[in-house]
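Undergrad: Sequence first, then the predicted structure:
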Amino acid sequence: MKAHQRIIREKKENEKFENNLFGEYYKEINVDISKSVVMEVNRKTAEKIILEYEWLGTMGTTNLYYGIMFDGVCAGVVCYGYFQALAGYSGYVGEKYGKKGIQLSRGACVFWAHPHSASKLIGKSLQNVSKLGYKYVIAFSDSEAGEIGTVYQATNWHYLGIDPTAGKTNKGHFYLKQNGRKWMDDRDFNKRYGFKNLDKFLIDNPEIKKVVTKPKARYIKLIGNKTENKHMMKYLKDKILPYPKRNKNG
């Protein structure tokens, strides 16, 4: 099974250029990875790529954005933000650093970006996030989007297995699907409409379907200094699992 983002990139590359984000202008951009620059960008810049390429189809509760630039043009972004179950990770990194984490919530690259863009973007952005005082980062891979966390494996994150909190909220974990693509997740729906209005909303909007989500796989990256990482690893080492592998048979 191909990951959703790969499918979208292939589709964008094959469709008429006037229908994609950059038209034929991308052909003039030098995509030499050694000359690319990773820098902080604003939310509007991140939205242009995330809303077009990312499986979740929303920006979520993110507030920190980094982009990889080729010839001054943004070809990929990662978005950091609100960290769910923050206190719950004290058991993974220790009480001292339990509240010093952040979540990498969204990320995507355009079809013409260099193949190693995502790895460089994550690596460089983590250096900047570390300077802000964060000691570790949590990220999720979604099997429904065909993800196994390939880029996290390539950048040496630790795999923690399936999220143990999945399906334990009042309404479970779900998302709303429209026109074959994710439209809104449970948290965003609750903020905008409230869980109590879900049934009526679905009746009033028959083109929107509720889909119960499968548990997501979790990754963690320690980004403290050598001493801090050693301290956190004492708590983490027994919880690290072997990387999942893609099923070639789908």
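TA: Received it, and whenever you're ready, just let me know what you need. What you are looking at is a predicted structure, and each value in this text was computed from that prediction instead of being measured.

Undergrad: Beyond the helix or strand bottoming out on mean pLDDT in the chain, next helix or strand please.
TA: Across the helices and strands of the chain, mean confidence by mean pLDDT, DSSP states H and E is lowest for helix 4-14: a mean of 51. The first helix or strand that comes after helix 4-14 along the chain, using DSSP states H and E, is strand 37-40.

Undergrad: max-length helix in the chain?
TA: In the chain, with assignment by DSSP state H, the single longest helix is helix 117-131.

Undergrad: what distance separates it from the middle of the whole chain?
TA: In terms of C-alpha atoms, centre = their mean, to the nearest Å, the centre of helix 117-131 is set 13 Å apart from its chain centre.

Undergrad: In terms of secondary structure, what does that helix contact?
TA: The helices and strands touching helix 117-131, judged by 3 or more C-beta pairs under 8 Å, 6 or more residues apart in numbering; DSSP states H and E, are strand 37-40, strand 62-70, strand 73-81, strand 101-109, helix 150-154. (Each C-beta comes from the backbone N, C-alpha and C, glycine too.)

Undergrad: Report the angle between that helix and strand 101-109.
TA: Helix 117-131 runs at 150 degrees relative to strand 101-109, counting by axes from the mean of the first three to the mean of the last three C-alpha atoms, to 10 degrees.

Undergrad: low-scoring stretches of the chain, by residue?
TA: Low-confidence segments of the chain (pLDDT under 70): 1-26, 55-58, 84-88, 143-147, 163-172, 180, 247-250.

Undergrad: For the residue sitting nearest the centre point of it, list each beta-bridge partner.
TA: Closest to where the C-alpha atoms of the chain average out (C-alpha atoms, centre = their mean) is R106, at 3.1 Å. Beta-bridge partners recorded for R106 (DSSP bridges): C79.

Undergrad: can you pull the contacts of it?
TA: Listed by C-beta atoms under 8 Å, 6 or more residues apart in numbering, the contact partners of R106 are A46, I50, E54, L56, M59, G60, T62, V77, V78, C79.

Undergrad: and which of those residues is nearest to T227?
TA: The shortest gap between T227 and any of the contacts of R106 belongs to V78, at 26.6 Å (C-beta to C-beta).

Undergrad: can you count the residues close to the nearest residue to that closest one once chain neighbours are set aside?
TA: Nearest non-adjacent residue to V78, counting by C-beta to C-beta, 6 or more residues apart in numbering: G107, 4.2 Å away. By the criterion of other C-beta atoms under 10 Å, G107 has 23 neighbours.

Undergrad: hang on, G107 packs against Y80?
TA: No: look at G107 against Y80 with C-beta atoms under 8 Å: they stay out of range, at 9.5 Å.

Undergrad: In three-state terms, label G60 for me.
TA: coil (DSSP: H, G, I helix; E, B strand; the rest coil).

Undergrad: What is the burial count for the closest residue to it other than its chain neighbours?
TA: Nearest non-adjacent residue to G60, counting by C-beta to C-beta, 6+ apart: S105, 4.8 Å away. Neighbours of S105 under the rule other C-beta under 10 Å: 25.

Undergrad: again, but for K27
TA: The number of residues packed near K27 is 9, by other C-beta under 10 Å.

Undergrad: For it, list the residues it contacts.
TA: Contacts of K27 by C-beta under 8 Å, 6+ apart: none found.

Undergrad: let's number from 59 now, not from 1
TA: OK, 59 is where the count begins now, so the last one is K85.
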